[in-house]
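S.K.: model this:
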Amino acid sequence: MEKRPLVSVIIPAYNCAGLISRAIESVLIQEVSLEIIVIDDGSGDNLEQVLETYRDNPAFSFIKNKTNLGAAGSRNKGVAMAKGRYVAFLDADDYWAAGKLKKQTDAMERTGCVLSCTARELMTPQGELTGRIIPVKEEITYRDLLHHNSINCSSVVLKTEVAKNYPMEHDDSHEDYITWLKILQKYKKACGIREPLLKYRLSNQGKSGNKLQSARMTFMVYRYLGFGILKSCYYFASYALHGVWKYYGFSGKEHKKDNGKPEEIGYEKFYQISVTANCLQIIVCFHFCPLPDPEEPAGFYRAYRRQRI
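M.R.: Next comes the predicted model:
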């Protein structure tokens, strides 16, 4: 009987022939039993030729979409095929540090969380590590996640049955963010590994590259969750401030401590931004949202309730 792998690693791929080998090699050095599922979403480069190197590996699977499904659809297709107890997502232009999957699955077993993520170190678009780290909390709640998305998709490990029950939807928005919110709404918390075990490539392309487009899609996340204009504006203000903090001061140069280790942007600065975000939220609510009817009792609350349609 074929032994079930512990983790199924899903890599959606699109025109990334020059980058994907580094991602796959970082998976192969992980210290757990696994399978790798690469979903080619209609690439026009020599991706298939590059992947020939891994064809003889029994843990490797390659699927080519007949039509372009987008990142969300490709991940869902990989989840449907997954045999592992857990699934992990990795974008083809990112890569992992050794020991990532073991540390996450151990933490999930210890805490009972169905979802885990890690801190990440930023890379330039050319693939050079910057030393700048985006941290995560050791425990992330639904409320935390509403204020800003601290869970990067390429860092996620998720129980397979949960992934199958919560497929990624709304590819015109941040589909992964919507999925994490729905999961934490039910399961309450995720566990975070504070080590930067994900090496994340910054890019001017894709959804996150265009900041205005990314902002619009983040606002739509709250709307897809059923929030009204008032509540969506409230959380969007927090997202905007955290976004400024996250990439504040990034110039493509290395940020190293004197000992040569990557610099983690401290939580003191994080909390300063959080306080500022809360103040901005109040301003946004009163500036952009219609005032309540003064004739109604408890008018503000009633206006808020009306906008949750």
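
S.K.: burial of the residue nearest to residue 14 when sequence neighbours are not counted, as a residue count?
M.R.: The spatially closest residue to residue 14, leaving aside those adjacent along the chain, is residue 41, at 4.6 Å (C-beta to C-beta, 6 or more residues apart in numbering). Placement of C-beta: from N, CA and C, glycine included. Close neighbours of residue 41, defined as other C-beta atoms under 10 Å, add up to 21.

S.K.: Residue 218 now?
M.R.: 22.

S.K.: The helix or strand hosting it - contacts with which helices or strands?
M.R.: According to DSSP states H and E, residue 218 maps onto helix 211-224. When contacts are defined as 3 or more C-beta pairs under 8 Å, 6 or more residues apart in numbering; DSSP states H and E, helix 211-224 sits against helix 175-187, helix 206-209, helix 229-246.

S.K.: Quick one: mean pLDDT for stretch 83-99?
M.R.: In this model, stretch 83-99 has a mean pLDDT of 98.

S.K.: Using PDB, list the CA coordinates for that stretch.
M.R.: Extracted C-alpha coordinates of stretch 83-99, given in PDB (Å, rounded to 0.1, in the frame of the first residue of the first chain):
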ATOM      1  CA  LYS A  83      -2.900  13.100  -1.100                       C
ATOM      2  CA  GLY A  84      -1.100  14.600   1.900                       C
ATOM      3  CA  ARG A  85      -2.500  15.200   5.300                       C
ATOM      4  CA  TYR A  86      -1.500  18.900   4.800                       C
ATOM      5  CA  VAL A  87      -1.300  21.100   1.800                       C
ATOM      6  CA  ALA A  88       1.300  23.900   1.300                       C
ATOM      7  CA  PHE A  89       1.200  26.600  -1.300                       C
ATOM      8  CA  LEU A  90       4.300  28.000  -3.000                       C
ATOM      9  CA  ASP A  91       4.500  30.500  -5.800                       C
ATOM     10  CA  ALA A  92       7.000  29.600  -8.500                       C
ATOM     11  CA  ASP A  93       9.100  32.800  -8.000                       C
ATOM     12  CA  ASP A  94       9.500  32.300  -4.200                       C
ATOM     13  CA  TYR A  95      11.400  29.700  -2.200                       C
ATOM     14  CA  TRP A  96      11.700  28.200   1.300                       C
ATOM     15  CA  ALA A  97      14.400  27.700   3.900                       C
ATOM     16  CA  ALA A  98      15.300  24.300   5.100                       C
ATOM     17  CA  GLY A  99      13.100  22.900   7.800                       C
END
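
S.K.: now it, how far from the chain's geometric center?
M.R.: Centroid displacement of stretch 83-99 relative to its chain, using C-alpha atoms, centre = their mean, to the nearest Å, is 12 Å.

S.K.: Tell me the buried residues in it?
M.R.: 84-97, 99 (16 or more other C-beta atoms under 10 Å).

S.K.: and if you look at stretch 224-242?
M.R.: 224-225, 227-242.

S.K.: Quickly list the domain ranges of the protein.
M.R.: The chain breaks down by automatic domain parsing into domains covering 1-202, 211-249+266-309.

S.K.: Deepest in the core, which of those is it.
M.R.: Mean neighbour count (mean count of other C-beta atoms under 10 Å) peaks for domain 1-202 among these, with a mean of 19.

S.K.: Give the helix, strand or coil label for residue 48.
M.R.: helix (DSSP: H, G, I helix; E, B strand; the rest coil).

S.K.: Quick check: it touching residue 42?
M.R.: No: judged on C-beta atoms under 8 Å, residue 48 makes no contact with residue 42 at a distance of 11.8 Å.

S.K.: Need the residues touching each of the two.
M.R.: Contact with both residue 48 and residue 42 is made by residues residue 64, according to C-beta atoms under 8 Å, 6 or more residues apart in numbering.

S.K.: one step back: what residues does the residue nearest to residue 14 make contact with?
M.R.: For residue 41, the contact set (C-beta under 8 Å, 6+ apart) comprises 12-14, 65, 68-71, 73-74.

S.K.: Adding pLDDT, secondary structure and distance to residue 153, write those out as JSON lines.
M.R.: JSON lines is the format used below for the contacts of residue 41 (pLDDT from 0 to 100; DSSP: H, G, I helix; E, B strand; the rest coil; distance: C-beta to C-beta, whole Å):
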{"residue": "12", "pLDDT": "97", "secondary structure": "strand", "distance to residue 153": "10"}
{"residue": "13", "pLDDT": "96", "secondary structure": "strand", "distance to residue 153": "14"}
{"residue": "14", "pLDDT": "95", "secondary structure": "coil", "distance to residue 153": "15"}
{"residue": "65", "pLDDT": "95", "secondary structure": "coil", "distance to residue 153": "18"}
{"residue": "68", "pLDDT": "91", "secondary structure": "coil", "distance to residue 153": "19"}
{"residue": "69", "pLDDT": "92", "secondary structure": "coil", "distance to residue 153": "16"}
{"residue": "70", "pLDDT": "91", "secondary structure": "helix", "distance to residue 153": "13"}
{"residue": "71", "pLDDT": "91", "secondary structure": "helix", "distance to residue 153": "8"}
{"residue": "73", "pLDDT": "94", "secondary structure": "helix", "distance to residue 153": "14"}
{"residue": "74", "pLDDT": "96", "secondary structure": "helix", "distance to residue 153": "12"}
